[in-house]
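Asks: what's the 3D shape of this:
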Amino acid sequence: MQIILEAEGLSKTYGEKTALNALHLKLSKGEIFSLLGPNGAGKSTTINLFLGFIQPSAGAARINGVDASKDPVGVKQHLAYIPEQVMLYQNLSGRENLSLLSALAGFEYSQSALDQFLVEAGLQADAINKRVGSYSKGMRQKVGIAAAVAKNAKVLLLDEPTSGLDPKASNEFSELLLRLSAAGTTIFMATHDIFRAREVSQRIGIMKAGSLIDEINAAKLNAGELEQLYLDYMKG
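Replies: Below you'll find the predicted structure:
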């Protein structure tokens, strides 16, 4: 089993406050892992540590064997990050945004290749030349996914990707994640969306007060059972 994403005793403290407490986690190639937890549980802190945006107080965050704290530039070559609100240039088209993002990652593609990435990410062909300022959140996410594929990202980090999406867009996003997983992309998703987590993930973690308190095989629980388990943990 090829380990692509790994947290080894990963911790982050701010003074006396523990934002993340000794996280141990290994994700293999093509695995989808969803992290559930309330606001302030440590989900975003975990993502920021893998991105190299903040330094750990202890332990290590590795992507494809690269330590994010020691080589934050190198680790970004192996991953792509899609935040809750995908930041794109509003006055540029979807294609122009993808071309720019690809160039920043060191890749140059023809117009037809850029269009193919966008269509495969689920963007409607008639939207490719439209200004991103007219795009819905779901459409902006598809540009972000296309950029991840274009830069050959081995890992996709997602922070609340389905927040604010309508059911159709959420379903399309789930299908896209499953296609990426089947193609070998490892996906780490922080979310409040229990239904989508259950639908796409192989494993689900529940985080509370900075600690990973349970890891669940998603196939062993339906969405209702997972919701009840989550609520029971949050009572304690």
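Asks: rest of the way, CA atoms for contacts and neighbours
Replies: Will do.
Asks: who are the neighbours in contact with residue 152?
Replies: residue 78 (C-alpha atoms under 8 Å, 6 or more residues apart in numbering).
Asks: now do it against residue 131, distance only.
Replies: Using C-alpha to C-alpha, to the nearest Å, residue 152 is found at 25 Å from residue 131.
Asks: how many residues are close by residue 80?
Replies: Neighbour count for residue 80, taken as other C-alpha atoms under 10 Å: 23.
Asks: okay, now stretch 145-162: how far is its last residue from its first?
Replies: Start-to-end span of stretch 145-162 (C-alpha to C-alpha) is 13 Å.
Asks: next one: it to chain centre, how far?
Replies: Once both centres are worked out by C-alpha atoms, centre = their mean, to the nearest Å, stretch 145-162 turns out to sit 6 Å from its chain's centre.
Asks: tell me who's in contact with residue 60.
Replies: With contacts defined as C-alpha under 8 Å, 6+ apart, the neighbours of residue 60 are 6-10, 67-69.
Asks: check which helices and strands the helix or strand where residue 146 lies sits against.
Replies: Following DSSP states H and E, one finds residue 146 within helix 137-150. Counting contacts by 3 or more C-alpha pairs under 8 Å, 6 or more residues apart in numbering; DSSP states H and E, the secondary-structure elements packed against helix 137-150 are strand 79-82, helix 94-104, helix 111-120.
Asks: one step back: among the contacts of residue 60, who's most crowded?
Replies: For the contacts of residue 60, the largest neighbour count, defined by other C-alpha under 10 Å, is 24 neighbours, found at residue 68.
Asks: leaving out sequence neighbours, find the closest residue to that residue.
Replies: residue 52 (4.9 Å; C-alpha to C-alpha, 6 or more residues apart in numbering).
Asks: so the one you found sits against residue 72, correct?
Replies: Yes - assessed by C-alpha atoms under 8 Å, residue 52 is found in contact with residue 72 at 4.9 Å.
Asks: looking at the two, which one has more neighbours?
Replies: Neighbour totals were compared for residue 52 and residue 72, and residue 52 leads with 21 against 18 (other C-alpha under 10 Å).
Asks: for this protein, which segments count as helices?
Replies: 43-51, 72-76, 94-104, 111-120, 137-150, 167-182, 194-200, 223-235 (DSSP state H).
Asks: out of those, which gets nearest to residue 157?
Replies: helix 43-51 (6.9 Å; C-alpha to C-alpha).
Asks: list the buried residues in that closest one.
Replies: 43-51 (16 or more other C-alpha atoms under 10 Å).
Asks: got CSV for the helices and strands packed on helix 137-150, with mean pLDDT too?
Replies: Output for these, formatted as CSV (pLDDT from 0 to 100):
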stretch, mean pLDDT
strand 79-82, 92
helix 94-104, 95
helix 111-120, 96
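Asks: let's have the ones you listed in JSON lines, adding distance to residue 20.
Replies: Supplementary listing: the helices and strands packed on helix 137-150 in JSON lines, determined by distance: least, C-alpha to C-alpha, whole Å:
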{"stretch": "strand 79-82", "distance to residue 20": "20"}
{"stretch": "helix 94-104", "distance to residue 20": "31"}
{"stretch": "helix 111-120", "distance to residue 20": "36"}
